[in-house]
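Student: Prediction below, plus the sequence it came from.
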Amino acid sequence: MNILTASNIEKRFTNHLALDDVSISVPEGSIYGLLGPNGAGKTTLLRIINQITGPDKGEVIYRGRPMKADDIYGIGYLPEERGLYKKMKVGEHAIYLARLKGLSKSEALKRLKFWFEKMEIIDWWDKKIEELSKGMAQKIQFVVTVIHNPKLLIFDEPFSGFDPINANLIKNEILELKRNGATIIFSTHNMGSVEDMCDHISLINKAKNILSGPIDSIRKEYGSNVFELVFKGDIESVKTRLDENYELVSHNYESGLVKAQIKVNQFSNDNRLLKMVLPAVEVVGFNRLMPSMNDIFIHVVNEYNKSYDLKS
Amino acid sequence: MNKILLIVEREFLTRVKKKSFIIMTILTPILFAALMVVPAILVTIEDKKERQIAVIDNAGIFEGKINETEHLKFTFLKDVKKDDIKETFFESNYYAVLYIGSMVATSPDAVVLYSEKQPSIDITSHIASAIKKEIESQKLLSYDIENLAEILNNIKTSIKVRTIKWTKGGEAKESSTELAMAMAYILSFLVYMLIFLFGAQVMRGVIEEKSSRIVEVIVSSVKPFELMMGKILGIASVSLVQIILWIVLTFGLVSLAGLLFLSHSSSPEAGKEAITSMMVQQGAAQVMPVNIADDNFANEMMTALSDVDFVYIIGWFIFFFLGGYLLYAAMFAAVGSAVDSEADTQQLLVPITIPLVLALVVMFSGLRSPDGAILFWFSMIPFTSPIVMIARLPYGVPPWELALSATLLVVSFVCMTWVASKIYRTGILLYGKKHTWSEMWKWIKYSN
């Protein structure tokens, strides 16, 4: 079941169209990645979902009905442009933001103590925000985003400003939130984290949703049917055994082994390839090469922009 | 509503806890009190000095005819020439030398006062009136009129226009045009300054939230309108606390200073009165050319001052300040939302500054006829009414005019807040560009 569906969203600013007929459906309990180049309209879409701005056309359905103002309490939003009041103390600031999310003062204090212990930032409680580094402030931002146990979490570029250790910490927290039943939408440029974490993605480019779906099927769809064969033996003996359905794309040597990339056309399959080479060489590894999300991202965006330029 | 209160609380507490707030709250009354008390103290010190004036009376008719006062003594020198005394003047104790030429009865410029320092207007007018009186009586005597003294006593008349206001309830109140004018200037200028002071705080607060990127974090849990309203009301509560503390502290300090420096009796009331009368004299003297040495005038002012309904004036003062503040604060917030730093605000502030300055100019020039058409209309227009109406108040304003002006002000700040919030909610999320009023006008028409 979808926890959130945005359908046919359109948003126009003074001089440009920020979102043009964009629809996304976020299944409950999944991690949904929102990808796209800078200025594509991701942040505008997230702002519409969070009711910070309204769409010109289209609607957002939350748990099967049009979204209401109160639904905000069930959502945790970490905006891309995030800052804190520099002159306030960490603890006092966190309590303020938690209370704005609807928690009582005592409840806010209890939960914040728990999270501050967990993230190992409890020592900063009485420090002023301006004394903190960017990464430290980001951790506090993360904590206050999840403090009210929202069922839907929306992170805009959650990993920007973190070192690899803390980025990993946040990644694990996000995965734990998912295990505890939360649904997560996040936008990012970090394709590595998309492959590791996301179940579904949407690729937004020039105000349009140009690619959407479960990440596995997308990668399969854009897979180029290239297999990697790792073996002990002579490359020539493999070459001579390949018929017209197969093509050796490239090969290289690594610590006494040969790695050959072989393209299979649509009339054949990987099993047959294996049968053909098995008598000649000792096979160590055989797997299908999946395109990385990075490759797909660049490929799809470039293709789209080309046709876009042709049209206009 | 709860959210707004939470925001108000934060705005209030963070501002009140600031060192600058505490310093401003204490220093301003000290400054005000000093402005009132120090000149008063100086005047009393000055007055206590006795001044000796040497008189060379070539006409030979004035000895004993120039009245001496507590602080002014006259010594008549016989057989001394003007040039002789000039040489010894600086070694002598004389404050000045008064030279009266022999032709004084016929030539008005025969009287000269030589001194090192510029003598005060009190001294010259004292001398002039004494000499004039003596010459007049000498001239009258020369007509040989019988019973002259009796006739003179008989025709002596003194006219003083007292102004007393009647109220509908049948009371009669001693009033003073000068006092009303002084109060009008002070009150309206205060409203003008306070609107700018606290309105600019709203703008700075909005810019701070925008430049520190906190604003989107907040508006993900509250509506932009609530954030803006919370800030405006939070700063309003700061301003109220500050103004009330200023009033209380200033009155306290002034009466304390009066007690310490000016009063010879031990009652604090006497000290306060001494200062208040000084204050009023000075204030009025700056407003119009009156003879401040006139004791009657000071007394008149005192009676008028004690008849002023301070609760009424302060109450309306706070109302018009708050109304004007709320009207302009919304505009200040809109401007703050459209820029990234305070340096960019200059141009956008022009539409805010013009009506405020205009109100002040109109008030200054129109106060000669406080019930005239110009002041009436400007005290109805909400953008100028806080300044102009408060200036008319000491002269007395019909209740229906007050009520109409107040209603218009309330209605327009509600509308202005609504309009400004539409600009605000778009502006706060747009970074990196300076926006113009025409763009902001378009934002008003956006759907939420």
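Tutor: Arrived safely. Remember, predicted model here, so these are calculated numbers, not experimental data.
Student: for chain A, what are the nearby residues on the stretch 151-300 of chain B?
Tutor: Applying the criterion Cβ under 8 Å from any Cβ of the partner chain, the portion of the stretch 151-300 of chain B that neighbours chain A consists of B:208-209, B:212-214, B:216-224. C-beta coordinates here come from the backbone N, C-alpha and C atoms, glycine included.
Student: swap the cut-off to 10 Å and go again
Tutor: On the criterion Cβ under 10 Å from any Cβ of the partner chain, chain A has as its neighbours in the stretch 151-300 of chain B the residues B:208-224, B:226-227.
Student: Let me see the contact set for B:V222.
Tutor: The contact partners of B:V222, by Cβ atoms under 10 Å, 6 or more residues apart in numbering or on different chains, come to A:I72, A:L100, A:K101, B:N2, B:K3, B:I4, B:L6, B:I7, B:M228, B:M229, B:G230.
Student: number of nearby residues for the residue of the stretch 101-250 of chain A found nearest chain B?
Tutor: Going by Cβ to the nearest Cβ, chain B is nearest to A:K101 of the stretch 101-250 of chain A, at 5.0 Å. Number of residues near A:K101 (other Cβ atoms under 10 Å in any protein chain shown) recorded here: 21.
Student: Setting aside sequence neighbours, what's the nearest residue to it?
Tutor: Closest residue in space to A:K101, ignoring its immediate chain neighbours: A:H148 at 4.3 Å, by Cβ to Cβ, 6 or more residues apart in numbering or on different chains.
Student: thinking again about what came up before, going through the contacts of B:V222, which ones are buried?
Tutor: Buried by 16 or more other Cβ atoms under 10 Å in any protein chain shown: A:I72, A:L100, A:K101, B:K3, B:I4, B:L6, B:I7, B:M228, B:M229, B:G230, out of those.
Student: Give me the secondary structure label for the closest residue to the second one other than its chain neighbours.
Tutor: Taking Cβ to Cβ, 6+ apart, and ignoring the residues beside it in sequence, A:L100 has B:S221 as its nearest neighbour in space, at 4.4 Å. Per DSSP: H, G, I helix; E, B strand; the rest coil, the local secondary structure of B:S221 is coil.
Student: Now B:S221. Its backbone dihedrals?
Tutor: Its backbone dihedrals place B:S221 at phi -120, psi -20, with angles given as degrees, to the nearest 10.
Student: how many neighbours does it have?
Tutor: Around B:S221 there are 23 other residues, counting by other Cβ under 10 Å.
Student: what pLDDT does it get?
Tutor: The per-residue pLDDT reported for B:S221 equals 86.
Student: quick one, what contacts it?
Tutor: So B:S221 contacts A:50, A:72-73, A:75-77, A:97-102, A:144, A:148, B:3, B:227 (Cβ under 10 Å, 6+ apart).
Student: Excluding chain neighbours, what is closest to the one residue in the stretch 1-150 of chain A that gets nearest to chain B?
Tutor: With Cβ to the nearest Cβ as the measure, the residue in the stretch 1-150 of chain A that lies nearest chain B is A:G83; the distance is 3.2 Å. Nearest non-adjacent residue to A:G83, counting by Cβ to Cβ, 6+ apart: B:R213, 3.2 Å away.
Student: before we move on, the earlier item: pull out the buried members of the residues of the stretch 151-300 of chain B next to chain A.
Tutor: B:208-210, B:212, B:214-224, B:226-227.
Student: what domains does the record give for the chain?
Tutor: Just going to use chain A. What automatic domain parsing lists as the domains of chain A is A:2-220, A:224-289.
Student: not what I meant, chain B
Tutor: With automatic domain parsing as the criterion, the domains of chain B are listed as B:18-42+B:175-444, B:49-135.
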